[in-house]
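Student: just coords:
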């Protein structure tokens with residue numbers, strides 16, 4: 001029983017799912033005016049179940065692919081510790097409960113959660129073996145948590161929700177391309193090409209740098225809203241904007257070094273920089289809302 005629980009935990013990618021849901025909770029707190037513990041808990045559970053369901057379905061449908069890669073060979077399904085039917089049932093139950101919990105928050109949350117789940121499982125997963133455009137498709141559901149958190153409280157798809165979506169959407173490209181660079185040889189064992197040019201070259205590195213450049217101004221755009229006549233509940237002080245801009249410069253230099261060097265070490269530093277960037281700016285937004293403004 002202990003081993004089964006461990007296998008199901010690996011199928012759901014427990015730690016990764018919890019990390020992804022962190023973005024939803026931050027989005028909720030940024031929208032929040034009157035805190036509700038029950039809704040906050042429902043957002044966490046609903047979001048966690050949907051993300052875990054996506055991870056489970058992904059491993060079910062990629063059993064053969066996972067067997068070919070060193071990084072994934074020991075996962076529960078390709079290793080044979082869990083049968084595909086077990087993974088399907090487990091993932092279906094998680095997905096159903098997740099969507100129902102989000103529905104109890106509001107209808108929009110449930111719809112966006114369901115759309116994210118469908119895109120990730122039905123489009124992104126099979127597309128990975130066909131074209132690098134899979135990264136773009138996968139970035140759509142991947143950008144949803146930050147936005148869904150805002151909608152969980154506001155029940156509105158607004159300029160604020162769209163801004164949070166855009167931040168997490170653009171962030172994913174340098175993040176995933178740096179990972180794809182590091183794991184390129186392993187991916188190619190399974191016939192997967194995630195890099196824009198399908199190679200570890202200047203073209204792929206340039207794309208990572210380009211999206212990083214776009215990410216920086218988008219991340220501070222709430223500071224600009226009042227100056228261009230846009231009324232928004234998502235605000236950012238000059239102090240918050242400066243800290244976020246400085247964090248963005250750090251990530252920019254990591255992306256620039258990848259373009260300059262085109263090597264494994266630079267890709268790893270960009271990956272680490274991207275992992276630091278997103279939670280850091282989210283925490284800056286929270287500090288800015290509750291301690292500065």
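Tutor: Ah, there it is. Here the structure is a predicted model, which means the values were calculated and not measured.
Student: from now on I want contacts and neighbour counts done on CA atoms only, so please keep to that.
Tutor: Noted.
Student: from residue 224, how far out is the nearest residue to residue 137 once chain neighbours are set aside?
Tutor: Spatial nearest neighbour of residue 137, chain neighbours left out: residue 124 (5.8 Å); criterion: CA to CA, 6 or more residues apart in numbering. According to CA to CA, to the nearest Å, residue 124 stands 34 Å off from residue 224.
Student: contacting residues around residue 58?
Tutor: By CA atoms under 8 Å, 6 or more residues apart in numbering, the residues touching residue 58 are 121, 125.
Student: dump the residue contacts of residue 44.
Tutor: Residue 44 touches 21, 24, 25, counting by CA under 8 Å, 6+ apart.
Student: now stretch 130-141: buried residues?
Tutor: Of the residues in stretch 130-141, 131, 132, 133, 134, 135, 137, 138, 139, 140, 141 count as buried by neighbour count, 16 or more other CA atoms under 10 Å.
Student: now that stretch: how far from the chain's centre is it?
Tutor: The chain centre lies 12 Å from the centre of stretch 130-141; the measure is CA atoms, centre = their mean, to the nearest Å.
Student: repeat that for stretch 196-203.
Tutor: On CA atoms, centre = their mean, the centre of stretch 196-203 falls 22 Å from the chain's centre.
Student: can you give me the strands in the chain?
Tutor: Applying DSSP state E to the chain gives no strands.
Student: quick one: the closest residue to residue 115 other than its chain neighbours from residue 47, how far?
Tutor: Leaving aside its chain neighbours, residue 115 sits nearest to residue 141 (7.6 Å; criterion: CA to CA, 6+ apart). Residue 141 is 12 Å from residue 47, where distance means CA to CA.
Student: before we move on, what about residue 116?
Tutor: In terms of CA to CA, residue 116 sits 11 Å off from residue 47.
Student: these two: which has the busier surroundings?
Tutor: The neighbour count for residue 116 versus residue 47, taken as other CA atoms under 10 Å, is higher for residue 47 (32 against 23).
Student: give the contact list for the more buried one.
Tutor: 21, 24, 98, 102, 113, 145.
Student: was I right to think the last one contacts residue 21?
Tutor: Yes. With contacts defined as CA atoms under 8 Å, residue 145 counts as touching residue 21 at a distance of 6.4 Å.
Student: more neighbours: which of these two?
Tutor: residue 145 (30 against 25).
Student: so what's the residue count around residue 67?
Tutor: Other residues close to residue 67 by other CA under 10 Å number 18.
Student: quick check, it in contact with residue 80.
Tutor: No. Assessed by CA under 8 Å, residue 67 is found out of contact with residue 80, at 10.1 Å.
Student: identify the residues contacting the closest residue to residue 30 other than its chain neighbours.
Tutor: Nearest non-adjacent residue to residue 30, counting by CA to CA, 6+ apart: residue 286, 6.5 Å away. By CA under 8 Å, 6+ apart, the residues touching residue 286 are 26, 29, 30.
Student: in the chain, which helix or strand is least confident?
Tutor: Lowest by mean pLDDT, DSSP states H and E among the helices and strands of the chain is helix 2-12, with a mean of 80.
Student: quick check: buried residues in that helix?
Tutor: Of all the residues in helix 2-12, those buried under the rule 16+ other CA under 10 Å are 7, 8, 10, 11, 12.
Student: again, but for stretch 116-128
Tutor: So for stretch 116-128, counting by 16+ other CA under 10 Å, buried means 116, 117, 119, 120, 121, 124, 125, 127, 128.
Student: and that stretch, end to end?
Tutor: 16 Å.
Student: let me know the pLDDT of residue 293.
Tutor: At residue 293, the model reports a pLDDT of 54.
Student: quick one: low-confidence parts of the stretch 151-293 of the chain?
Tutor: 292-293 (pLDDT under 70).
Student: what segments of the stretch 101-250 of the chain are helices?
Tutor: All helices of the stretch 101-250 of the chain, identified by DSSP state H, counting those that start in this stretch, fall at 107-118, 125-127, 134-142, 144-154, 159-182, 184-189, 202-219, 221-224, 238-261.
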